[in-house]
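>>> 3D model of this:
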Amino acid sequence: MSILKDLPNLVKADIITEETADDIKNYYKNKGSSSTNRLFVVFGILGAILVGLGVILIIAHNWDELSKNTKTFFAFLPLVAAQIICGYVLIKKQDSVAWRESGSTLLFFGVGACISLVSQIYNISGDLSSFLLTWMLICLPIAYIMRSSVASLLFLMGITYYACETSYWSYPSSESYLYWLLLLAILPFYYLLYKKSPKSNFMVFHNWLVPLSLTIVLGTLANTAEELMFIGYFSLFGLFYIIGNLDFFSQQKTRNNGYTTIGSLGSLILLFILSFDGFWEDLRRKDFLFSEMLSTPEFLVSAIISILAGVLLYFYKRNRSWSDIKPLAPMFILFIVAFFIGLSLPIAVVLINFYVFALGLLSIREGAKQNHLGLLNYGLIIITILIACRFFDTDLSFVTRGILFVAIGIGFFASNYWMLKKRKVNEE
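Numbering: from 1, shown residues only. Next comes the predicted model:
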């Protein structure tokens, strides 16, 4: 690098000291080695996956011509080879992330291949959900023994697929309650990763995959009172959003903060869906008996998530004033109020539209206050989408609708122009 070439001249001119020059050299040296190690880990994992797939394809090409004993041998071969590699890693290469992750990846897929091949060879009956459950149970210790983040991520994907296969695609023949136990089993590894490598790429992947998995699987708990799951999902997104605004996550870039992104997008999507009156009309037709509602799994789940979100909001608010609280943070509480009002009164849809409009205005205000163009446009986009939604379910004339969109367009232009002019004045 050119800066390294200039260091002797800078030292000679007494601009920096020898110690400073050495520190600069060490910094770029460590930065380069860190980048190299990261690439080595990535290519090691990809190499392990490709090798495993290649072996499976080679065996599959001649599978029908092999005897049962030979098939069994090849079924266990990837598993045994991966275990030998993992044993070598534990003895000789414990400190090598690339070796740990590559060996764990091979072992993870080796287990799955062995189970499926043995079942096929000996005609062992079973469905996809039981296969996935067995695979994940066997592979759970890999994450802890090998300290493998890839094994943890693959495990999260596997149990999510298991829950979908069990409760979505095979409904109503089976339930996926074991998913929650499996999720609890892997969360200690997530915590250990947070304590040891809070800024690693593996931590970022977990920050996205954990809330995404919960979002996908929560709907599997819907049974008799599906409408209550709207409370559960709103509280879940509120919980995510508050987690994403805690000190650790708020210091990270937006693309690394899956909790804030999923929480905000999920809340907004639900708000826009419920800004139409169709859901509320169906809700008022339902005959909810409070005693029966209390016994439903939807009520229990929604209550637990809402309480967790409320407690976290309390601790989040404790050291802050209300003006410092993000507008989306308490939205789940406001929705719960609107939901129970909507059981009997049509005013609930008006409240939802008011929430969305107020959210847009508060975001614009916050963007102007922080001199943040992204936040300003975020608020403008919310109001624009709200107006677009009302475009389809109101009797306004085309002229009135056109005037509204022109006004919004002028608002976009004027607010951005004002913000950029303000920045220019501050820079001068």
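>>> only C-alpha atoms for contact and neighbour calcs from this point on.
Will do.
>>> For the residue nearest the centre of the chain, give me the pLDDT.
Residue closest to the mean C-alpha point of the chain, counted by CA atoms, centre = their mean, is residue 208 at 2.8 Å. Per-residue pLDDT puts residue 208 at 94.
>>> contacting residues around it?
Neighbouring residues of residue 208 by CA atoms under 8 Å, 6 or more residues apart in numbering: 256, 257, 258, 259.
>>> if I read this right, the second one contacts residue 206, doesn't it?
It stands for residue 257. No: here residue 257 lies out of contact with residue 206, judged by CA atoms under 8 Å, at a distance of 10.0 Å.
>>> about what we covered before: give me the element the residue nearest to the centre of the chain is part of.
Counting by DSSP states H and E, the element that carries residue 208 is helix 201-218.
>>> same check, this time on residue 339
Residue 339 belongs to helix 331-342, assigned by DSSP H and E.
>>> Just list what that helix packs against, helices and strands only.
Helices and strands touching helix 331-342, by 3 or more CA pairs under 8 Å, 6 or more residues apart in numbering; DSSP states H and E, are helix 229-244, helix 278-285, helix 348-370.
>>> what about 6 Å?
helix 229-244 (3 or more CA pairs under 6 Å, 6 or more residues apart in numbering; DSSP states H and E).
>>> Only the buried residues of stretch 114-132, if you could.
Buried residues in stretch 114-132, counted by 16 or more other CA atoms under 10 Å: 114, 115, 116, 117, 118, 129, 132.
>>> What score does the second one have for pLDDT?
If you check residue 115, the pLDDT there is 88.
>>> now it: how far from residue 338?
Taking CA to CA, to the nearest Å as the measure, residue 115 falls 50 Å from residue 338.
>>> again with the last one
Distance check for residue 132 against residue 338: by CA to CA, it reads 40 Å.
>>> I'd say residue 332 and residue 235 touch.
Yes: contact criterion CA atoms under 6 Å: residue 332 and residue 235 qualify, at 5.2 Å.
>>> So these two - more neighbours on which side?
residue 235 (30 against 24; other CA atoms under 10 Å).
>>> do you know how far the more buried one is from residue 78?
Distance of residue 235 to residue 78, computed by CA to CA: 44 Å.
>>> re the thing from before, flag every buried residue along the helix holding residue 208.
202-215, 217-218.
>>> Convert the C-alpha atoms of that helix to CSV, please.
Extracted C-alpha coordinates of helix 201-218, given in CSV (Å, rounded to 0.1, in the frame of the first residue of the first chain):
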residue,chain,number,x,y,z
ASN,A,201,-20.3,-12.3,10.4
PHE,A,202,-21.6,-15.5,12.0
MET,A,203,-23.3,-13.3,14.6
VAL,A,204,-24.9,-11.2,11.9
PHE,A,205,-26.3,-14.3,10.2
HIS,A,206,-27.7,-15.5,13.5
ASN,A,207,-29.2,-12.0,14.1
TRP,A,208,-31.2,-12.5,10.9
LEU,A,209,-32.0,-16.2,11.0
VAL,A,210,-33.3,-16.4,14.5
PRO,A,211,-36.1,-13.7,14.1
LEU,A,212,-36.8,-14.9,10.6
SER,A,213,-37.3,-18.5,11.9
LEU,A,214,-39.6,-17.3,14.7
THR,A,215,-41.6,-15.2,12.2
ILE,A,216,-42.1,-18.2,9.9
VAL,A,217,-43.0,-20.7,12.6
LEU,A,218,-45.2,-18.7,14.9
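>>> what's the angle between that helix and helix 229-244?
Calculated by axes from the mean of the first three to the mean of the last three CA atoms, to 10 degrees, helix 201-218 forms an angle of 170 degrees with helix 229-244.
>>> burial count for residue 186?
Residues near residue 186, counting by other CA under 10 Å: 18.
>>> nope, residue 184 is what I meant
Neighbours around residue 184, by other CA under 10 Å: 11.
>>> Which residue ranges of the stretch 1-150 of the chain form helices?
Here the stretch 1-150 of the chain has its helices, by DSSP state H, counting those that start in this stretch, at 2-12, 18-61, 68-92, 97-121, 128-145, 149-163.
>>> Could you tell me the end-to-end distance of stretch 318-337?
With CA to CA as the measure, the first residue of stretch 318-337 is 22 Å from its last.
>>> now it: mean pLDDT?
Mean pLDDT, stretch 318-337: 83.
>>> Would you indicate which residues of it are buried?
Within stretch 318-337, the residues that count as buried by 16+ other CA under 10 Å are 326, 327, 328, 329, 330, 331, 332, 333, 335, 336.
>>> do the same with stretch 145-159
For stretch 145-159, a neighbour-count test (16+ other CA under 10 Å) marks 146-159 as buried.
>>> Excluding chain neighbours, what is closest to residue 363?
Closest residue to residue 363 apart from its sequence neighbours, by CA to CA, 6 or more residues apart in numbering: residue 379 at 4.7 Å.
>>> what's the closest of the buried residues of stretch 318-337 to residue 223?
residue 336 (19.7 Å; CA to CA).
>>> Residue 95: neighbour count?
By other CA under 10 Å, the residues close to residue 95 number 10.
>>> what pLDDT does it get?
If you check residue 95, the pLDDT there is 81.
>>> Can you list phi and psi of it for me?
Phi and psi for residue 95, reported as degrees, to the nearest 10, are phi -90, psi 0.
>>> How much space separates it from residue 153?
20 Å.
>>> before we move on, what about residue 282?
With distances taken as CA to CA, residue 282 is found 40 Å from residue 153.
>>> what's the distance between the residue nearest to residue 254 when sequence neighbours are not counted and residue 253?
In this structure, residue 254 finds its nearest non-sequential neighbour in residue 261, 7.3 Å apart by CA to CA, 6+ apart. Look at residue 261 and residue 253: by CA to CA, they are 11 Å apart.
>>> just residue 152 next, same as before
Distance from residue 152 to residue 253, by CA to CA: 23 Å.
>>> Ok, residue 77 next?
44 Å.
>>> okay, these two: which has more neighbours?
Applying other CA under 10 Å to residue 77 and residue 253 shows that residue 77 carries more neighbours, namely 16 against 9.
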